[in-house]
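Chemist: Sequence isn't available, so here's the structure alone:
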């Protein structure tokens with residue numbers, strides 16, 4: 001299974017509801033991920049552009065997209081951003097595969113002098 005990270009930002013109305021009635025959204029998202037054939041790895045809240053993030057497994061990108069589409073459908077999120085995550089091992093395999101291939105840059109482009 002592939003790993004995904006989705007960052008999310010709640011609406012002001014959602015925060016108002018949470019303050020009145022706190023709830024464990026990690027449990028709710030975890031149940032959704034399992035219904036879509038995946039698994040919640042972790043959920044964190046943070047400060048900044050996004051209010052939190054979930055790291056989860058999904059069988060493929062379609063299942064990951066379906067999970068997020070289902071999660072945003074109630075309208076309590078104002079933004080999401082999903083990123084595919086690679087393990088160090090997978091990144092090393094990609095680097096070794098890329099090493100053997102030469103990809104030319106544009107003909108008029110040259111790197112800045114060192």
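Modeler: Cool, got the structure. Quick caveat: nothing in here was measured; it's all calculated off a predicted structure.
Chemist: Tell me where the model's unsure across the chain.
Modeler: With pLDDT under 70 as the threshold, the chain has low-confidence stretches at 109-110, 114.
Chemist: Do a quick rundown of the helices in it.
Modeler: Applying DSSP state H to the chain gives helices spanning 12-20, 25-35, 61-72, 88-99.
Chemist: Which of those sits closest to residue 45?
Modeler: Among the helices of the chain, helix 25-35 comes nearest to residue 45, with 9.1 Å by Cβ to Cβ. The way it works is simple: take the backbone N, C-alpha and C, and place the C-beta from them, glycine included.
Chemist: quick check: angle from the closest one to helix 12-20?
Modeler: Going by axes from the mean of the first three to the mean of the last three Cα atoms, to 10 degrees, helix 25-35 is angled at 120 degrees with respect to helix 12-20.
Chemist: Off-centre distance for helix 25-35?
Modeler: Its chain's C-alpha centre and that of helix 25-35 lie 15 Å apart, by Cα atoms, centre = their mean, to the nearest Å.
Chemist: Mind listing what's buried along it?
Modeler: Applying a neighbour-count criterion of 16 or more other Cβ atoms under 10 Å, one finds 25, 29-30, 32-33 buried in helix 25-35.
Chemist: can you put the helices of the chain in TSV and add distance to residue 43?
Modeler: Compiled in TSV, the helices of the chain are given as follows (distance: least, Cβ to Cβ, whole Å):
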stretch	distance to residue 43
helix 12-20	14
helix 25-35	4
helix 61-72	11
helix 88-99	22
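Chemist: Can you say which of these is nearest to residue 5?
Modeler: helix 61-72 (10.2 Å).
Chemist: counting contacts, what elements does that closest one pack onto?
Modeler: strand 2-10, helix 25-35, strand 52-58, strand 77-85 (3 or more Cβ pairs under 8 Å, 6 or more residues apart in numbering; DSSP states H and E).
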